[in-house]
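Trainee: Sequence plus the predicted model coming up.
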Amino acid sequence: MKTYTLTGVDHNILVNAGQEMSIVVTDPAHVEGDYNPALWEEYQAWLAKGNTPEPYVEPVIPPPATVAQKLDSMGITIADLKAELGIA
């Protein structure tokens, strides 16, 4: 079963058909490369049946790791690093 999801890019809708994903371009003037009108027509037919696409969800970008977190991920403490560098 195909699902349609709005994207964060104007004129694009993501189509998820299991292992295959594609983009429906809603405006041919904004196409880079080949335009597939069949995908647009299929999407319009899907909408005509009363379906609505999933909303776009802004991805959560985690804050950058601190130096201590980076060292910890390598199994090193700040104290270990200071000792190795001869810093008091």
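Mentor: Sure thing, it's come through.

Trainee: if I look at the closest residue to Ala88 other than its chain neighbours, how far off is Glu54?
Mentor: Excluding the flanking residues, the one nearest Ala88 by CB to CB, 6 or more residues apart in numbering is Lys82, at 7.2 Å. For the C-beta atoms, the positions are set from N, CA and C on the backbone; glycine is no exception. Distance of Lys82 to Glu54, given as CB to CB, to the nearest Å: 50 Å.

Trainee: Then Leu14?
Mentor: 9 Å.

Trainee: So the residue nearest to Ala88, which state does it fall into?
Mentor: Following DSSP: H, G, I helix; E, B strand; the rest coil, the label given to Lys82 is helix.

Trainee: where's it relative to Gln69, distance?
Mentor: 17 Å.

Trainee: What segments of this protein are strands?
Mentor: Shown for the chain, the strands assigned by DSSP state E span residues 3-6, 12-17, 20-25.

Trainee: For burial, what's the neighbour tally of Val24?
Mentor: Neighbours of Val24 under the rule other CB atoms under 10 Å: 21.

Trainee: Wait, it touches Tyr43, no?
Mentor: Yes. The pair Val24 / Tyr43 is scored as a contact, 4.8 Å apart, by CB atoms under 8 Å.
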